[in-house]
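# what would the 3D arrangement of this be:
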Amino acid sequence: MKFSPLFWPVELKGNIVYILDETLLPHKLVYVKAKTYQQAVKAIKEMKTRAFGQVSLVFYTFLLVLKQNKNKKNILPVLKKTAAALNSARPTLPFKFLTDMVLDWQAQLEIGCQRQPTDTCGVVSLTGQAQGQDLEKTILGFLEMLKARRIQRAEEVSRIIQDKDVILTHCNVSGELPLIAEFCRKAGKHIEFYVTETRPYMQGSRLTAWELHLAGFPVTIMTDGMVASIMSSGKITKVIVGADQLAQNGDIANKIGTYQIALVAKHFKVPFYVLCPPPSKAKSGKDITVEIRPEKELLEYQGLRLAPYGVKGFYPAFDITPNNLITKHFHLGIAR
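Numbers count the residues shown, from 1 in each chain. The predicted model follows:
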């Protein structure tokens, strides 16, 4: 199975984390280096990677810290410091859910009980350097499981897609759409995609259209403002989007513009599907903090001023789509 570069955009080689710089796509395929956890946090804040890339970067950052502190007898304070820095990177993404997992694994190791990603627990004797080694194995095992679950989810989603479906998507689902489409192709289904530009970062036109075209699937780019018009034509048969956070009641936070697409889909009776992370501690969408990005990201694009100087900009990076607008959530099946 061939994967999009966005499916697994982060890797650790030696003592360096390599991060696919999504801000340069589709024109350049460049990996930036993070040699410290501070540089990894900076890459998250600067949107060098996003969505699943940021999730995987959290775990690879811990692996980097473990390698750099392999001779420390008490690694937990270093891990807590790293976790605090990661938690502050982006408010809407529930990084604390992820960092708490790692801290919990280490705490379990220190009391002699290792909780594996498969939720099995074996009694082991751990001291000093061995603690870090076992935590490293636990994190690597979890990442492998995460990869397998994403592939399984893509296959599951492909089963609800019919031959000749036309799918509208918004923003980018970190390499899963080409994988879903590949499962459809293997099943003899011919599908096509309509992709919103996804302003102001243009993730739809720069990332999603690029990876779908690269994989050989028909894709059409549309402006964000065309959604109601094109759905009214009856051309769109399904909507598939991702989610950056899932509340316990089924509300989701995703790229700004998702909510209005869901409203339009509901009006025209077009099924609206969401690829979700595990539920966060938020009880509903009202409990999710929506990140407000710098107005410069809206008023400028790649150094080019788009608006008159003196004009203000307002850019919430996400909006909340309520559960009642969602046809089905596709989960990874992972819980703490």
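
# can you show me the strands along the stretch 151-300 of the chain?
Under the criterion DSSP state E, counting those that start in this stretch, strands of the stretch 151-300 of the chain are mapped to 166-169, 192-196, 219-222, 238-242, 245-246, 252-255, 272-275, 292-293, 300-301.

# centre-most residue in the protein?
For the chain, the residue nearest the mean C-alpha position is residue 51 (2.2 Å; C-alpha atoms, centre = their mean).

# residue contacts, that residue?
Taking C-beta atoms under 8 Å, 6 or more residues apart in numbering as the contact definition, residue 51 lies against 171-174, 242, 244. C-beta coordinates here come from the backbone N, C-alpha and C atoms, glycine included.

# again, but for residue 157
Neighbouring residues of residue 157 by C-beta under 8 Å, 6+ apart: 176, 180, 240, 273, 275, 330.

# switch to 7 Å and redo it
180, 273, 330 (C-beta atoms under 7 Å, 6 or more residues apart in numbering).

# who wins on neighbours among those residues?
In terms of neighbours by other C-beta atoms under 10 Å, the contacts of residue 157 top out with residue 180 at 26 neighbours.

# any idea how far that one is from residue 222?
For residue 180, the distance to residue 222 (C-beta to C-beta, to the nearest Å) stands at 20 Å.

# returning to what we had before: any chance of TSV for the contacts of residue 157, columns distance to residue 299?
Output for the contacts of residue 157, formatted as TSV (distance: C-beta to C-beta, whole Å):
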residue	distance to residue 299
180	35
273	33
330	36
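
# for residue 58, state which of the residues you listed is nearest.
For those, the closest approach to residue 58 (C-beta to C-beta) belongs to residue 330, at 21.6 Å.

# report the beta-bridge partners for the closest residue in space to that closest one that isn't next to it in sequence.
In space, and not counting its chain neighbours, residue 330 is closest to residue 275: 5.1 Å by C-beta to C-beta, 6 or more residues apart in numbering. Per DSSP bridges, residues listed as beta-bridge partners of residue 275: residue 242, residue 330.

# so where's the stretch 101-250 of the chain uncertain?
Residue ranges of the stretch 101-250 of the chain with pLDDT under 70: 112-133.

# try it again with 50
114-130 (pLDDT under 50).

# which residues of it fall in helices?
Using DSSP state H, counting those that start in this stretch, the helices of the stretch 101-250 of the chain run over 129-159, 176-186, 203, 209-214, 227-232.

# could I get those as TSV with distance to residue 65?
Formatted as TSV, the helices of the stretch 101-250 of the chain follow (distance: least, C-beta to C-beta, whole Å):
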stretch	distance to residue 65
helix 129-159	9
helix 176-186	28
helix 203	29
helix 209-214	31
helix 227-232	43
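
# nearest to residue 302, of these?
Of those, nearest to residue 302 by C-beta to C-beta is helix 203, at 13.9 Å.

# other SSEs contacting the closest one?
Applying 3 or more C-beta pairs under 7 Å, 6 or more residues apart in numbering; DSSP states H and E, one finds that helix 203 makes contact with no other helix or strand.

# please list the outside residues in contact with it.
171-172.

# what do you get for stretch 325-334?
With C-beta under 7 Å, 6+ apart, stretch 325-334 has contacts from 149-150, 153, 156-157, 250, 262-263, 266, 271-278.

# repeat the analysis, applying 6 Å as the threshold.
With C-beta atoms under 6 Å, 6 or more residues apart in numbering as the test, stretch 325-334 has contacts from 149, 153, 157, 262, 266, 271-276, 278.

# figure out how far it is from the centre of its chain.
For stretch 325-334, the gap between its own C-alpha mean and the chain's C-alpha mean amounts to 14 Å (C-alpha atoms, centre = their mean, to the nearest Å).

# now swap in stretch 228-236 and tell me
28 Å.

# what residues sit buried inside that stretch?
Neighbour counts using 16 or more other C-beta atoms under 10 Å place 230-231, 236 of stretch 228-236 among the buried residues.
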